[in-house]
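Peer 1: Here is my input, please return the structure:
(one chain, ligands or ions: 2)
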Amino acid sequence: MKAVIWQGTNKIGVETVPDPTLLLPTDAIVKISSTAICGSDLHLLDGRIPSMEKGDILGHEFMGEVVEVGRDVKKLKVGDRVVVPFNLACGVCDPCKRGFFSACDNSNPNHRMAEALYGGVSGGGLFGYSHIYGGYAGGQAQYVRVPFADVGPFKIESDLRDEQVLFLTDIFPTGYQAAEQCGIMAGRDVVAVFGAGPVGQFAARSAQMLGAAQVIVIDRVPERLKMAEAAGAMTINYEQEDVLTALREATGGRGPDHVIDAVGMEAHGHGPGALLDELQVKAKISFDRITALRWAIMSCAKGGTVSMPGVYGGLIDKLPMGAAFAKGLIFRMGQTHTHRYLGPLLSRIEAGEIDPSFVITHRATLDQAPELYKTFRDKHDGCIKVVLNPWG
Ligand SMILES: [Zn+2]
Ligand SMILES: [Zn+2]
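Peer 2: Ligands and ions are numbered 1, 2, ... in the order given. Next up, the predicted model:
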């Protein structure tokens with residue numbers, strides 16, 4: 001089959017590789033009909049995420065048709081059309097049973113690597129996202145092996161197009177969780193969203209669906225701000241105005257009631273031995289890189305929520321905790337518990353409350369992936385979201 005392959009830092013290619021096969025009785029094989037490039041894939045491209053190996057298949061946002069199931073798979077059948085969450089969960093461990101699927105104890109066979117890098121803690125495994133997250137082959141390919149097939153894949157039984165349901169795999173639930181965990185008081189609360197990338201776009205629209213009186217989106221890329229405006233959000237270009245002043249003025253002086261940081265910082269670490277050095281370097285770098293989080297804390301109204309779908313990976317320096325404490329802020333964060341949201345968000349799509357395909361700016365074939373990774377990275381050509389057809 002054809003697949004998008006990590007060939008080294010800043011080197012991505014399309015190669016012909018062996019088709020995946022069932023390895024465990026709980027696996028399924030999915031023939032992929034659509035797959036997307038995610039902002040977090042760019043951290044693999046530029047080599048910031050350690051433990052990538054030449055030949056790894058990329059991609060964690062994909063959907064398609066079940067073509068083979070292991071003998072212990074009970075819910076899925078050959079021919080089912082499914083979307084597959086980007087994170088893997090076993091469904092039976094304590095975090096999974098409590099709905100914290102992204103913190104699954106059992107889906108990352110390489111958890112010791114992650115624990116060494118991230119201070120003794122590992123989340124669950126991820127598709128196509130390095131060996132510290134399990135070394136699972138990704139879905140920017142024609143076929144993929146899907147472990148825990150009765151837990152993750154979610155059947156699509158309506159006739160919605162791929163483009164309308166594909167983002168249930170990651171960015172729609174990620175934006176939605178970020179808004180949901182703000183505890184928005186409908187008709188009253190103002191929600192600010194830092195970062196107008198795909199997740200920020202979905203966070204803004206989710207905040208609207210949850211009843212926010214006003215949503216304010218902050219970025220510096222004009223076409224991304226325009227996309228947020230099209231949904232009815234107010235926007236602030238932080239290169240043109242002072243963000244904190246603008247947010248105060250827009251909210252009668254109190255600040256947004258909740259703030260979503262859809263920016264995050266780069267994932268952290270380059271090997272256990274280099275950890276201490278890396279932390280010190282990061283501490284300096286993070287002075288710039290946590291700008292969004294610092295603004296979030298400084299702008300948020302008293303008693304508000306700072307919700308962080310943006311990824312943080314290590315230690316953070318110079319965070320205004322005094323301001324957070326004085327205002328009594330609530331911090332919510334973490335990887336998305338995607339599995340929770342597939343059903344409820346599919347219902348919203350079916351009800352016509354949202355059509356997630358609004359975010360797509362580029363459609364291409366798998367062969368064009370290497371070129372489109374660069375277009376997306378460089379934000380060229382108004383690129384916000386790329387969808388690939390593996391059979392085009
Ligand atoms: Zn993603
Ligand atoms: Zn689990």
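Peer 1: Tell me the residue of the stretch 201-350 of the chain that sits nearest ligand 2?
Peer 2: residue 339 (9.9 Å; C-beta to the ion). Glycine gets a C-beta too; all of them are placed from N, C-alpha and C.
Peer 1: Next: the stretch 101-250 of the chain.
Peer 2: Counting by C-beta to the ion, the stretch 101-250 of the chain gets nearest to ligand 2 through residue 104 (3.2 Å).
Peer 1: Do I have it right that residue 117 meets residue 111?
Peer 2: No: using C-beta atoms under 8 Å, residue 117 is not in contact with residue 111; the gap is 10.7 Å.
Peer 1: Same drill for those two, tell me which one is more crowded.
Peer 2: Comparing residue 117 with residue 111 by other C-beta atoms under 10 Å, the one with more neighbours is residue 117, at 24 against 20.
Peer 1: okay, now the residue of the stretch 101-250 of the chain closest to ligand 2: neighbour count?
Peer 2: 27.
Peer 1: Which residue comes closest to it once chain neighbours are left out?
Peer 2: Sequence neighbours aside, residue 124 is the residue nearest to residue 104 in space, at 3.4 Å (criterion: C-beta to C-beta, 6 or more residues apart in numbering).
Peer 1: OK, contacts around the one you found?
Peer 2: For residue 124, the contacting residues are 87-89, 101-108, 134, 335, by C-beta atoms under 8 Å, 6 or more residues apart in numbering.
Peer 1: ok, now with 6 Å
Peer 2: Residues near residue 124 by C-beta atoms under 6 Å, 6 or more residues apart in numbering: 87, 88, 89, 102, 104, 107, 108.
Peer 1: just to revisit the earlier point, and the gap between the residue of the stretch 101-250 of the chain closest to ligand 2 and residue 50?
Peer 2: 21 Å (C-beta to C-beta, to the nearest Å).
Peer 1: Residue 154 now?
Peer 2: For residue 154, the distance to residue 50 - C-beta to C-beta - is 31 Å.
Peer 1: Have a look at those two and say which one is more surrounded.
Peer 2: Set side by side, residue 154 and residue 50 show more neighbours around residue 154, with 24 against 18, by other C-beta under 10 Å.
Peer 1: Now do that one, the pLDDT please.
Peer 2: Note for residue 154: predicted pLDDT of 98.
Peer 1: rewinding a little: now for the residue of the stretch 101-250 of the chain closest to ligand 2: which residues touch it?
Peer 2: When contacts are counted by C-beta under 6 Å, 6+ apart, residue 104 is found next to 89, 90, 93, 95, 96, 124.
Peer 1: Let's see that with 10 Å instead.
Peer 2: When contacts are counted by C-beta atoms under 10 Å, 6 or more residues apart in numbering, residue 104 touches 87-96, 111, 122-125, 148, 151, 337, 339.
Peer 1: Show the buried residues in these.
Peer 2: By neighbour count, with 16 or more other C-beta atoms under 10 Å, the contacts of residue 104 hold 87-91, 93, 95-96, 111, 122-125, 148, 151, 337, 339 as buried.
Peer 1: Go through those residues and flag which are in helices.
Peer 2: 95, 96, 111, 339 (DSSP state H).
Peer 1: Can you verify my assumption that the third one contacts residue 122?
Peer 2: Yes: with contacts counted by C-beta atoms under 10 Å, residue 111 reaches residue 122, the gap being 3.9 Å.
Peer 1: joint contacts of the two?
Peer 2: Shared contacts of residue 111 and residue 122, counting by C-beta under 10 Å, 6+ apart, come down to 104, 105, 132, 133, 134.
Peer 1: The second one: neighbouring residues, count only.
Peer 2: In terms of burial, residue 105 registers 17 neighbours under the definition other C-beta under 10 Å.
Peer 1: Likewise for the fourth one?
Peer 2: For residue 133, the neighbour count with other C-beta under 10 Å is 25.
Peer 1: tell me the helices in the stretch 251-392 of the chain, going along the chain?
Peer 2: Here the stretch 251-392 of the chain has its helices, by DSSP state H, counting those that start in this stretch, at 275-289, 291-299, 321-327, 338-350, 369-377.
Peer 1: before we move on, back to that, check what pLDDT the residue nearest to residue 104 gets.
Peer 2: pLDDT, residue 124: 93.
Peer 1: Please report the distance of it from ligand 1.
Peer 2: 14 Å (C-beta to the ion, to the nearest Å).
Peer 1: where does the stretch 51-200 of the chain come near ligand 1, residue by residue?
Peer 2: Within the stretch 51-200 of the chain, the residues that sit near ligand 1 (C-beta under 5 Å from the ion) are residue 170.
Peer 1: If we look just around ligand 2, which residues of the stretch 51-200 of the chain are in range?
Peer 2: Residues of the stretch 51-200 of the chain lying close to ligand 2 by C-beta under 5 Å from the ion are 89, 90, 93, 96, 104, 106.
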